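Asker: build me a model from this:
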Amino acid sequence: MKTLFHVLSIGSAAISNMTYEKYLQERGHALAVISGYRDLFHTEMNDGCEVAVLHQSLSHDELVEVAHFIRKRWPTARILIVRPEEWWIDDALYDDRVVPGVNPELLLSAVERLVG
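Answerer: The predicted structure is shown next:
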């Protein structure tokens with residue numbers, strides 16, 4: 001099966017959202033999971049990155065640093081953050097946001113919408 005697009009998942013996903021990783025792979029999308037944000041700076045992703053999902057386990061400073069890194073390394077990549085509604089970050093650092101614990105199908109839909 002041909003890979004449709006590459007997704008980078010950064011931070012620890014909530015147990016309720018881990019199902020979307022299975023859905024991504026079943027639909028033919030490539031998924032790289034990086035649980036420790038510092039590991040991102042040492043990873044080799046030769047195939048690029050179309051969507052980066054930044055999970056709520058990242059602190060505010062880590063999320064900002066990761067978002068800047070992604071914007072620089074993969075300028076066309078879209079960024080989806082998983083954060084509560086009351087949480088704030090500069091609009092230029094992300095493309096969409098979902099709340100923690102969102103239904104896995106809705107999370108997958110948000111990822112696919114960013115690429116579409």
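
Asker: give the next helix or strand downstream of the longest helix along the chain.
Answerer: Ordering each helix of the chain by length in residues (DSSP state H) puts helix 60-73 first. Per DSSP states H and E, the first helix or strand lying C-terminal to helix 60-73 is strand 78-82.

Asker: neighbouring strands of that following strand in the sheet, and parallel or not?
Answerer: With DSSP bridges as the test, strand 78-82 is paired with strand 51-54 (parallel), strand 96-98 (parallel).

Asker: let me have these in TSV, adding distance to F69, mean pLDDT and mean neighbour count as columns.
Answerer: Where you see a C-beta, it was placed from the backbone N, CA and C, and this is true even at glycine. Shown next, in TSV, are these (distance: least, Cβ to Cβ, whole Å; pLDDT from 0 to 100; neighbours: other Cβ atoms under 10 Å):
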stretch	distance to F69	mean pLDDT	mean neighbour count
strand 51-54	9	93	27
strand 96-98	18	92	16
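
Asker: can you name the residues that contact the closest residue in space to R71 that isn't next to it in sequence?
Answerer: Nearest in space to R71, with sequence neighbours left out and distances taken as Cβ to Cβ, 6 or more residues apart in numbering, is L93 at 7.2 Å. Residues near L93 by Cβ atoms under 8 Å, 6 or more residues apart in numbering: 63-64, 67-68, 71, 79.

Asker: now, which of those residues sits nearest C49?
Answerer: I79 (9.7 Å; Cβ to Cβ).

Asker: re the thing from before, quick check: the residue nearest to R71 vs K72, distance?
Answerer: 12 Å (Cβ to Cβ, to the nearest Å).

Asker: how about V51?
Answerer: 16 Å.

Asker: any stretches of the protein with poor pLDDT?
Answerer: Low-confidence segments of the chain, defined by pLDDT under 70: 1-3, 14-18, 45-46, 87.

Asker: E85 is nearest to which of the strands paired with strand 78-82?
Answerer: strand 96-98 (8.2 Å).

Asker: partner residues bridging the residue nearest to the spatial centre of the chain?
Answerer: Central residue of the chain (Cα atoms, centre = their mean): V53, 0.9 Å from the mean position. Applying DSSP bridges to V53 gives these bridge partners: S9, L80.
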